[in-house]
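In: take a look and give me a structure for this.
(one chain, ligands or ions: 3)
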Amino acid sequence: MILEDTICAISTAPGAGAIAVLRLAGPKAFNITENVFRPAAKNKSITEQAPNTVHFGTIYDGENDIDEVVITLFKSPKSFTGDDIVEISCHGAVFIQQKILQLLTDKGARLAKPGEFTQRSFLNGKMDLSQAEAVADLIAARSEAARRVALKQMKGGFSNELINLRSKLLEFTSLIELELDFSEEDVEFADRSQLIDLVLEIEHLLKKLIDSFSLGNAIKNGIPVAIVGHTNAGKSTLLNALLQEERALVSDVHGTTRDVIEDVMNIQGITFRFIDTAGIRNTIDKVESMGIALTYNKIKQASIIVLMMDAQDEDAKIHQAVSDVKRHMNSDKQQLIVVVNKTDLVDSEILEKRFSKKAFRELTGTDSVVPLSAKMHIHLDRLTSELLKTMDTGAIDNDEVVVTNARHYEALKNALEGIQRTLEGLQNGISGDFLSQDIREVLHYLGEITGQISTDEVLGNIFKNFCIGK
Ligand SMILES: Nc1nc2c(c(=O)[nH]1)N(C=O)[C@@H](CNc1ccc(C(=O)N[C@@H](CCC(=O)O)C(=O)O)cc1)CN2
Ligand SMILES: Nc1nc2c(ncn2[C@@H]2O[C@H](COP(=O)(O)OP(=O)(O)OP(=O)(O)O)[C@@H](O)[C@H]2O)c(=O)[nH]1
Ligand SMILES: [Mg+2]
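Out: Ligands and ions are numbered 1, 2, ... in the order given. Below is the predicted model of the structure:
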């Protein structure tokens, strides 16, 4: 299906760099180009050039030259969108780009909507929906892990697995539905024990994919790490030390931080989102109290909670603080790391005695303890390796498929429900028509992910979040 409109857009970031790329895609791409481009080589007609060739020349509006450019020709169906595509590389001035864009629309192209090139690639069958979504993820990738997962998905790693199982399941439903046509005769075309095997296989895959989402989501959005503790423990000093930037105010005044301060940082390819919070203490100050309420909120939302204590704190205070934080944690997937700060002020023998893993476990019930000095930058690396340890990133290292997209996650959960109902039905020997209903539902949800089943509304929602020119 080749779409009728010819669309154009600037595909590079506005005002950034020496060269900009404009894209023109659709059935009139070559004709429009013929109209506005004069090749440097004499007697060269654009419409007669071989595909995947590059040509130097001038863009002119019929009267005046606008810019010297290089153009690249892609011939349908062998292009990114499957349409005829012409790419124009012009000089980077925004003014030049706009003038060329204006010229292209004057000659019959229309401005592309956000993500419209990728959407056409999907509509023309160049990629499925989850691959198209991965294009956006790849553009937005902020870390090595995010890039790797998105590239794998864009290359079809995720959809291949689903499409394969879906088509096997589809075969079975067809057989079951065929049985229904012969209902008088009590035939069984679809081998039930084979079907159970297939359903179990799908259940296993769905569970694996669903489980991968907590990692996938963390990779994409950054793993939230809340830094909490008493006032003056050195939380803001730690944030600044990690980010290597004076991001938060530091002072010896208790209650310096009142609002939540967040920033992201990559550690060995994983994005962490550090959240500095207001120190916890009893206070009658209204604004400070609001900040402390927010701190408790952040404990609930974070994946990792860094509780910061002062190495000079007494045992009772530490014990109390750990159990206070644990009480506010709300999932067994959350991890607690206790940082004992200001080690520069304490004798090292005492440190070793009090804050060995064993001693600390006896005192608090947790042995994830990192003594360091935020101010002197001593042993920060122990904290970062402890942070990395909490993340099970094996799936990324092994190049497994990791679900990063909330839409896919929802569909997978729905598909799992359907597959479990199917399994139950098979085990209870329910009739073919009920069985096929359950399977149809699974087919629907699996098809939603790849876009084999989609609505304009779903497509609209996906592509409107793309950038223009992609
Ligand atoms: N200049 C430019 N750079 C770019 C893109 C682009 O569209 N233009 N891309 C845009 O995302 C990415 C590269 N992706 C691309 C994907 C497919 C085709 C393409 O022409 N595919 C044809 C032909 C394949 C072949 O020659 O074997 C096809 O799939 O049929 C081009 C770019 C990143 N860099
Ligand atoms: N000696 C020493 N002082 C530190 C260390 N870390 C922080 N401090 C000092 O402790 C004081 C408080 O530091 P902050 O980072 O503002 O403490 P905070 O936990 O953010 O405090 P609130 O925002 O009030 O909750 C400052 O004077 C810091 O310079 C450290 O490792 N060693
Ligand atoms: Mg602070």
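In: so which bits of the helix of greatest length in the chain are buried?
Out: Counting by DSSP state H, the longest helix found in the chain is helix 157-181. Neighbour counts over helix 157-181 (16 or more other C-beta atoms under 10 Å) mark 157-159, 162-163, 165-166, 169-170, 172-173, 175-177, 179 as buried. All C-beta spots, glycine's among them, are computed from the backbone N, C-alpha and C.
In: also stretch 329-341?
Out: In stretch 329-341, counting by 16+ other C-beta under 10 Å, buried: 334, 335, 336, 337, 338, 339, 340, 341.
In: what's stretch 423-438 in contact with?
Out: 173, 176-177, 179-180, 183, 192, 195-196, 199-200, 203, 418, 421-422 (C-beta atoms under 8 Å, 6 or more residues apart in numbering).
In: now for those residues: which two are most distant?
Out: 183 and 203 (28.4 Å; C-beta to C-beta).
In: of these two, who's got more company?
Out: Of the pair residue 183 and residue 203, residue 203 is the one with more neighbours under other C-beta atoms under 10 Å, namely 17 against 11.
In: what's the closest non-adjacent residue to that one?
Out: residue 419 (5.1 Å; C-beta to C-beta, 6 or more residues apart in numbering).
In: would you mind measuring from residue 35 to residue 455?
Out: 38 Å (C-beta to C-beta, to the nearest Å).
In: actually residue 310, sorry about that
Out: 57 Å.
In: neighbour count: these two, which is higher?
Out: Using other C-beta under 10 Å as the criterion, residue 310 and residue 455 rank with residue 310 on top: 19 against 9.
In: what number of residues lie near whatever residue of the stretch 351-470 of the chain ends up closest to ligand 3?
Out: Ligand 3 sits closest to residue 374 of the stretch 351-470 of the chain, with a gap of 10.9 Å, by C-beta to the ion. Neighbour count of residue 374, defined by other C-beta under 10 Å: 27.
In: residue contacts, it?
Out: 234, 237, 238, 241, 339, 341, 342, 380.
In: what's the closest of those to residue 269?
Out: residue 380 (18.1 Å).
In: these two touch, right, that closest one and residue 239?
Out: No. If you go by C-beta atoms under 8 Å, residue 380 and residue 239 don't touch, sitting 11.5 Å apart.
In: mind checking which of the two has more residues around it?
Out: residue 239 (27 against 18).
In: that one looks like it's in a strand, true?
Out: No. Counting by DSSP: H, G, I helix; E, B strand; the rest coil, one finds residue 239 to be helix, located in no strand.
In: roughly how far apart are the residue nearest to residue 203 and ligand 1?
Out: Distance check for residue 419 against ligand 1: by C-beta to the nearest ligand atom, to the nearest Å, it reads 34 Å.
In: go on, residue 289?
Out: For residue 289, the distance to ligand 1 - C-beta to the nearest ligand atom - is 51 Å.
In: test my guess that residue 89 contacts residue 67.
Out: No. When contacts are counted by C-beta under 8 Å, residue 89 is not listed as touching residue 67 (9.8 Å).
In: per-residue pLDDT, the residue lying closest to residue 404 once chain neighbours are set aside?
Out: Spatial nearest neighbour of residue 404, chain neighbours left out: residue 216 (3.7 Å); criterion: C-beta to C-beta, 6+ apart. With respect to pLDDT, residue 216 scores 91.
In: which secondary structure element contains residue 216?
Out: helix 213-221 (DSSP states H and E).
In: contacts for that helix, please.
Out: Contacts of helix 213-221 (C-beta under 8 Å, 6+ apart): 137, 143, 145-146, 149, 270-271, 273, 303, 333, 391-393, 395-396, 402-406, 409, 412.
In: report whether the helix or strand following it contacts ligand 3.
Out: Using DSSP H and E, the next helix or strand after helix 213-221 towards the C-terminus is strand 223-229. No. For strand 223-229, no contact with ligand 3 is found by C-beta under 5 Å from the ion; the gap never falls below 8.7 Å.
In: run through who's touching strand 223-229.
Out: Counting by C-beta under 8 Å, 6+ apart, 235, 238-239, 270-277, 279-280, 295, 298-299, 301-309, 321, 325, 387, 391 sit against strand 223-229.
In: now the buried members of the residues you listed.
Out: Members of the contacts of strand 223-229 classed as buried by 16+ other C-beta under 10 Å are 235, 238-239, 270-277, 279-280, 295, 298-299, 302-309, 321, 325, 387, 391.
In: what's the pLDDT at residue 1?
Out: Confidence score, pLDDT, at residue 1: 53.
In: not including adjacent chain positions, what is the nearest residue to residue 132?
Out: residue 122 (4.5 Å).
In: ok but that neighbour is inside a helix, no?
Out: Yes. Looking at residue 122 with three-state DSSP, it is inside a helix.
In: that one: how many residues sit nearby?
Out: Neighbour count of residue 122, defined by other C-beta under 10 Å: 24.
In: give me the pLDDT value at it.
Out: 94.
In: go ahead and confirm it touches residue 134.
Out: No. In this structure, residue 122 is not within contact of residue 134 by C-beta under 8 Å, at 11.4 Å.
In: distance of the residue of the stretch 151-300 of the chain found nearest ligand 1 from residue 263?
Out: Residue nearest to ligand 1 within the stretch 151-300 of the chain (C-beta to the nearest ligand atom): residue 154, separated by 9.1 Å. Distance, residue 154 to residue 263, by C-beta to C-beta: 28 Å.
In: outline the domain layout of this structure.
Out: 7-126, 132-212+402-451, 227-256+275-392 (automatic domain parsing).
In: so which strand or helix has residue 292?
Out: helix 286-301.
In: just the CA atoms of that helix, as CSV, please.
Out: Extracted in CSV, the C-alpha atoms of helix 286-301 (Å, rounded to 0.1, in the frame of the first residue of the first chain):
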residue,chain,number,x,y,z
LYS,A,286,5.6,24.2,58.0
VAL,A,287,7.6,24.2,54.8
GLU,A,288,10.2,21.8,56.2
SER,A,289,7.4,19.4,57.3
MET,A,290,6.1,19.4,53.8
GLY,A,291,9.5,18.5,52.5
ILE,A,292,9.7,15.6,55.0
ALA,A,293,6.3,14.3,54.0
LEU,A,294,7.7,14.3,50.4
THR,A,295,10.7,12.3,51.6
TYR,A,296,8.5,9.5,52.9
ASN,A,297,6.7,9.6,49.5
LYS,A,298,10.0,9.2,47.7
ILE,A,299,10.8,6.2,49.8
LYS,A,300,7.7,4.5,48.5
GLN,A,301,8.4,5.3,44.9
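In: is it up against ligand 2 anywhere?
Out: No. Residues of helix 286-301 contacting ligand 2 under C-beta under 6 Å from any ligand atom: none, with a closest distance of 8.8 Å.
In: residues of that helix that come out buried?
Out: 288, 291, 292, 294, 295, 296, 298, 299.
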